[in-house]
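S.K.: I would like the atomic coordinates for the input below:
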Amino acid sequence: MGETLELTAPPWHLVLVPSIGGAVSRLCLAGHDVLRPLPEERGATTEAIRHSAGYMLAPYSNRIADATFLWDGEVVRLARNFGDHPHSLHGIAWQRSWMAEERDAARVSLVLDHPGDIDWPWRCRLRQLWQLKGACLTLQLEIENRDDRDMPAGLGWHPYFLREGLEVSFLCNGVWLSDARQLPERHVSIPADWDFSVQRPVGEPGLDHCFTGWARKVHLAWPDRGLAVDMTASEVLSRLVVFTPKERDFVGIEPVSHTSNALNMADPATAGMHRLAPGERLVGHIHLTGEVAA
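M.R.: Purely as a prediction, here's the structure:
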């Protein structure tokens with residue numbers, strides 16, 4: 001595993017690995033893991049990021065169909081960045097090495113300067129700012145257009161919450177159903193099996209879907225462990241991707257700015273994709289507030 005950065009301010013303890021996609025390798029609340037920790041033996045492998053506790057999504061989240069989209073009359077073709085998967089996935093942030101820009105005991109800023117390439121043709125700067133203060137952990141996500149032309153931009157965070165004993169609640173008003181290629185096909189009201197408006201165990205709903213109309217709060221509780229976390233997000237992060245793979249020890253509950261494959265929808269802006277002029281920034285905030293039973 002690469003060099004780690006550790007922040008501690010009770011009740012939180014955070015470990016980051018800048019060289020592995022700027023990822024979280026561990027997040028503990030009162031000494032207990034709430035995210036899936038990155039195993040030491042996995043940290044030295046090329047697949048380390050996929051076994052991490054979480055990572056930033058930028059300059060887009062989830063999938064871009066066939067790694068291709070139309071922007072300002074130009075066909076943009078990206079590299080397929082996920083093995084033999086036909087689509088590009090999750091942007092560039094998770095597959096690049098980051099640098100620590102500033103740091104103290106309870107605060108650190110990571111930065112990634114992207115020169116523009118086949119993975120994303122625009123020059124841009126990405127930043128993660130982590131801060132621990134009392135019961136609250138704050139993550140600021142930022143992308144700045146450093147190119148000389150307008151750039152599409154989206155943000156998100158992909159945490160892997162520990163699944164055993166987890167109960168969840170969140171409010172949304174719709175969800176995108178996916179086609180056989182794992183792309184959003186039809187927007188519907190939330191089916192009963194996918195309704196988490198009242199706290200309940202995650203179960204096995206078979207989700208890898210984007211929820212809309214999110215109230216920008218998720219309550220996560222591990223009653224048997226006496227732990228709970230409220231995850232809230234700023235207005236930019238208006239959608240929630242929920243990923244519940246079978247027979248895995250985690251669930252992904254991901255605040256994001258746009259619908260999956262937004263760049264190939266009829267109106268990318270309505271689907272949450274932003275347009276940044278040269279020098280403009282897009283900023284989102286996520287807050288985790290921990291609760292520990294007495």
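S.K.: For residue 167, give me phi and psi.
M.R.: phi -120, psi 150 (degrees, to the nearest 10).
S.K.: That one - how many residues pack around it?
M.R.: 18 (other Cβ atoms under 10 Å). (Glycine included, C-beta is placed from N, CA and C.)
S.K.: which ones are touching it?
M.R.: 199, 200, 201, 202, 220, 221, 222, 223 (Cβ atoms under 8 Å, 6 or more residues apart in numbering).
S.K.: Low-confidence stretches in the stretch 101-250 of the chain?
M.R.: Scanning the stretch 101-250 of the chain for pLDDT under 70 picks out no residues.
S.K.: Repeat the analysis, applying 90 as the threshold.
M.R.: 102-105, 203-205, 247 (pLDDT under 90).
S.K.: mind listing the strands for it?
M.R.: For the stretch 101-250 of the chain, the strands defined by DSSP state E, counting those that start in this stretch cover 107-114, 124-133, 136-145, 151-153, 156-162, 167-170, 174-178, 184-188, 200-201, 208-212, 217-222, 227-233, 239-243, 250-256.
S.K.: what packs against the shortest one?
M.R.: When contacts are defined as 3 or more Cβ pairs under 8 Å, 6 or more residues apart in numbering; DSSP states H and E, strand 200-201 sits against strand 167-170.
S.K.: Report the distance from the strand it packs on to the chain centre.
M.R.: Here the centre of strand 167-170 is set off from its chain's centre by 18 Å, with Cα atoms, centre = their mean, to the nearest Å.
S.K.: Can you give me the buried ones in it?
M.R.: For strand 167-170, the buried set under the neighbour-count rule, 16 or more other Cβ atoms under 10 Å, comprises 167, 168, 170.
S.K.: Within its sheet, name the partner strands of that strand and how each one runs.
M.R.: strand 200-201 (antiparallel), strand 217-222 (antiparallel) (DSSP bridges).
S.K.: most tightly surrounded among these?
M.R.: Comparing those by mean neighbour count (mean count of other Cβ atoms under 10 Å), strand 217-222 ranks first with a mean of 20.
S.K.: tell me the angle of it relative to strand 239-243?
M.R.: On the basis of axes from the mean of the first three to the mean of the last three Cα atoms, to 10 degrees, strand 217-222 is oriented at 30 degrees to strand 239-243.
S.K.: now the angle between strand 227-233 and strand 217-222, please.
M.R.: 160 degrees.
S.K.: what residues does strand 217-222 touch?
M.R.: The list of residues contacting strand 217-222 from outside it, by Cβ under 8 Å, 6+ apart, reads 34, 161-162, 164-171, 199, 227-233, 240, 253.
S.K.: now swap in stretch 200-212 and tell me
M.R.: If you take Cβ under 8 Å, 6+ apart as the criterion, stretch 200-212 is touched by 62, 163, 166-170, 172-178, 182, 184, 187, 190, 193-194, 238-246, 251, 256, 259-260.
S.K.: Quick one: end-to-end length of that stretch, please.
M.R.: Its start and end residues considered, stretch 200-212 measures 20 Å (Cα to Cα, to the nearest Å).
S.K.: now do stretch 215-231
M.R.: 11 Å.
S.K.: got it, and stretch 210-226?
M.R.: End-to-end distance of stretch 210-226 (Cα to Cα): 29 Å.
S.K.: can you put the strands paired with strand 167-170 in a markdown table and add distance to residue 68?
M.R.: Below are the strands paired with strand 167-170 laid out as a markdown table (distance: least, Cβ to Cβ, whole Å):
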| stretch | distance to residue 68 |
| --- | --- |
| strand 200-201 | 39 |
| strand 217-222 | 32 |
